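[1] Pasting the sequence and the predicted coordinates here, then a few questions.
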Amino acid sequence: MKYLVVLIIIGLMSGCQQTGADKSLRSNEAEYKQPAHHIDALTEIFKAHGGYEQWDRMKTLSYKKEEETTITHLKNRKIRLESPDRVIGFDGENVWVTPDSADASNARFYHNLFFYFYAMPFVVGDPGANYEVLEKRELKGKAYNRIKIGFNQGVGDAPDDNYIIFSDPETNRMEWLMYTVTYRSGKPGEKYNLINYKSWEEFNSLILPTAIEWYQFQNDSVGGPRSEVVFENIEILESAPDPALFEMPEGAQIAPR
């Protein structure tokens, strides 16, 4: 009888502990709130790539393309690109380039160019983005859902850039991206470029690209492949990168706007 009482007490304690754990888990889940400006169609794409909540936990993203290694602090978007002939950094205010003999003329435009392409679709979840669901469109014989993304004035260096995400209607995974470039002209443009996201892999529960391929796109018609970029040594981490990586070294150039 004594042992039966003991077992009942242990069972009750275990049940209380489990209930407390369940409540704690539900509480943690309830703490995360989807950003108010996100729309449901975009959230479904995020879910197909691991979820925006998981993305929001991450602080470091790094990868290598050809001979260039990039590391980005995801919370403040400070960035460092290292290649054999130069280092480009963004310290939160200035884009800098070292050594002082390196060409810095395009560094302001280039410093986060591939980061934006690489971090799709999550990067369009940033504050200041706005969305429009477009009608389905066929590309290379397949019909896709589409979302157009624009930005509020004052957001980034090129707020008039537009993106259109093409996602698979069955899986919601992103497969194509159309985008305009307004950085140099400073004026909204209607000429779109086209990228195929041809290869995805899982990193820290997020689905990220390992290769992207530009396609010829003229007169609203898709041509053949134009160029490919392959990403290697991919890491995405909850820990933050060393802040010293982004500090402008003595003697560095400040890239012109």
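    It's in.

[2] Determine the number of other residues adjacent to Thr171.
    Neighbour count of Thr171, defined by other Cβ atoms under 10 Å: 11. The way it works is simple: take the backbone N, C-alpha and C, and place the C-beta from them, glycine included.

[3] How many residues are close by Phe231?
    Look at Phe231: counted by other Cβ under 10 Å, it has 20 neighbours.

[4] ugh, typo on my part, it should be Ala48
    Other residues within reach of Ala48 by the criterion other Cβ under 10 Å amount to 17.

[5] what's the pLDDT at it?
    Ala48 carries a pLDDT value of 98.

[6] which residue sits closest to it in space, ignoring its chain neighbours?
    In space, and not counting its chain neighbours, Ala48 is closest to Asn172: 3.9 Å by Cβ to Cβ, 6 or more residues apart in numbering.

[7] show me what contacts Ile234?
    62-63, 201, 203, 208, 210 (Cβ atoms under 8 Å, 6 or more residues apart in numbering).

[8] Likewise for Ser199?
    209-211.

[9] quick one, strands of the stretch 51-200 of the chain?
    Taking DSSP state E, counting those that start in this stretch to define them, one finds strands in the stretch 51-200 of the chain at 60-65, 68-73, 79-83, 86-90, 95-98, 129-139, 142-151, 163-167, 174-179, 193-203.

[10] Looking at the ones you listed, which is nearest to Glu247?
    strand 86-90 (7.7 Å; Cβ to Cβ).

[11] quick one on the thing from earlier: of the contacts of Ser199, select the buried ones using a ChimeraX command.
    A single ChimeraX command selects the buried members of those (16 or more other Cβ atoms under 10 Å):
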select :209,210,211
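
[12] In helices, which of the contacts of Ser199 fall?
    Judged by DSSP state H, the contacts of Ser199 include no members of helices.

[13] can you list the contacts of Ser199 in a markdown table and add pLDDT and distance to Gly92?
    Output for these, formatted as a markdown table (pLDDT from 0 to 100; distance: Cβ to Cβ, whole Å):
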| residue | pLDDT | distance to Gly92 |
| --- | --- | --- |
| Pro209 | 98 | 26 |
| Thr210 | 98 | 29 |
| Ala211 | 97 | 31 |
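
[14] What ranges in this protein fall below the confidence cut-off?
    Flagging of the chain using pLDDT under 70 yields the residue ranges 1-31, 153-160, 182-189.

[15] Residue nearest the middle of it, spatially speaking?
    Central residue of the chain (Cα atoms, centre = their mean): Ala119, 2.3 Å from the mean position.

[16] close enough to count as contact, that one and Met58?
    No - look at Ala119 against Met58 with Cβ atoms under 8 Å: they stay out of range, at 10.1 Å.

[17] In three-state terms, how would Glu44 be classified?
    Under DSSP: H, G, I helix; E, B strand; the rest coil, Glu44 falls in the helix class.

[18] burial count for Leu194?
    With other Cβ under 10 Å as criterion, Leu194 counts 20.

[19] Let me see the contact set for it.
    Applying Cβ under 8 Å, 6+ apart, the residues near Leu194 are 176-178, 214-217, 222.

[20] cool, and Tyr118?
    By Cβ under 8 Å, 6+ apart, the residues touching Tyr118 are 61, 63, 208-209, 212, 231.

[21] now the residues you listed as a markdown table including distance to Ile147?
    Listed next are those as a markdown table, based on distance: Cβ to Cβ, whole Å:
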| residue | distance to Ile147 |
| --- | --- |
| Leu61 | 22 |
| Tyr63 | 25 |
| Leu208 | 19 |
| Pro209 | 18 |
| Ile212 | 18 |
| Phe231 | 23 |
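
[22] just the residues you listed now: which is nearest Val95?
    Nearest to Val95 out of the contacts of Tyr118 is Leu61 (Cβ to Cβ; 18.0 Å).

[23] Is it correct that the closest one is in contact with Leu74?
    Yes - if you go by Cβ under 8 Å, Leu61 and Leu74 touch, sitting 5.7 Å apart.
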